[in-house]
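Q: model the following, please.
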Amino acid sequence: MEKKREYEIKLRENSFWLGSISSAYRLQEDPAKALQYLENLQKVNAESIKAVANKYLLEDRLFKFILMPDKK
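A: Modelled structure (predicted):
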């Protein structure tokens, strides 16, 4: 997975840790959550994506937009 490799590379960079720690401080969250990314990434699969889509992409909440060319 590309995201897994990107994450592994970022773990070696100080800027990643600075951003993670400062975000956790600002949002009053546990800074250790940054280490749970791979665990959470492994939970994403076709079934979990479909479940979320079925939950939030409801027919009565969708809008259809049609772009028309400008009149000159």
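Q: name the element the closest residue to M1 other than its chain neighbours belongs to?
A: Once flanking residues are discounted, M1 sits nearest to L41: 7.3 Å by C-beta to C-beta, 6 or more residues apart in numbering. For every residue, glycine as well, the C-beta is placed using N, CA and C. L41 is part of helix 37-42 when elements are defined by DSSP states H and E.
Q: what's that helix in contact with?
A: 1, 3-4, 7 (C-beta atoms under 8 Å, 6 or more residues apart in numbering).
Q: let's go with 7 Å and repeat that
A: The contact list for helix 37-42 (C-beta atoms under 7 Å, 6 or more residues apart in numbering) reads 3-4, 7.
Q: mean confidence for it?
A: For helix 37-42, mean pLDDT rounds to 87.
Q: past that helix, which element shows up next along the chain?
A: Tracing the chain past helix 37-42, the next element assigned as helix or strand by DSSP H and E is helix 46-56.
Q: helices or strands up against that following helix?
A: Under the contact definition 3 or more C-beta pairs under 7 Å, 6 or more residues apart in numbering; DSSP states H and E, helix 46-56 sits against no other helix or strand.
Q: run the chain-centre distance for that helix.
A: For helix 46-56, the separation from the chain centroid amounts to 14 Å (computed by C-alpha atoms, centre = their mean, to the nearest Å).
Q: would you put the C-alpha positions of that helix in CSV?
A: What follows is helix 46-56, C-alpha atoms only, in CSV (Å, rounded to 0.1, in the frame of the first residue of the first chain):
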residue,chain,number,x,y,z
ALA,A,46,-14.4,-2.7,0.5
GLU,A,47,-17.1,-3.7,3.1
SER,A,48,-16.3,-0.8,5.5
ILE,A,49,-16.3,1.7,2.6
LYS,A,50,-19.6,0.4,1.4
ALA,A,51,-21.1,0.6,4.9
VAL,A,52,-20.0,4.2,5.3
ALA,A,53,-21.4,5.1,1.8
ASN,A,54,-24.7,3.4,2.7
LYS,A,55,-24.9,5.4,5.9
TYR,A,56,-24.1,8.8,4.6
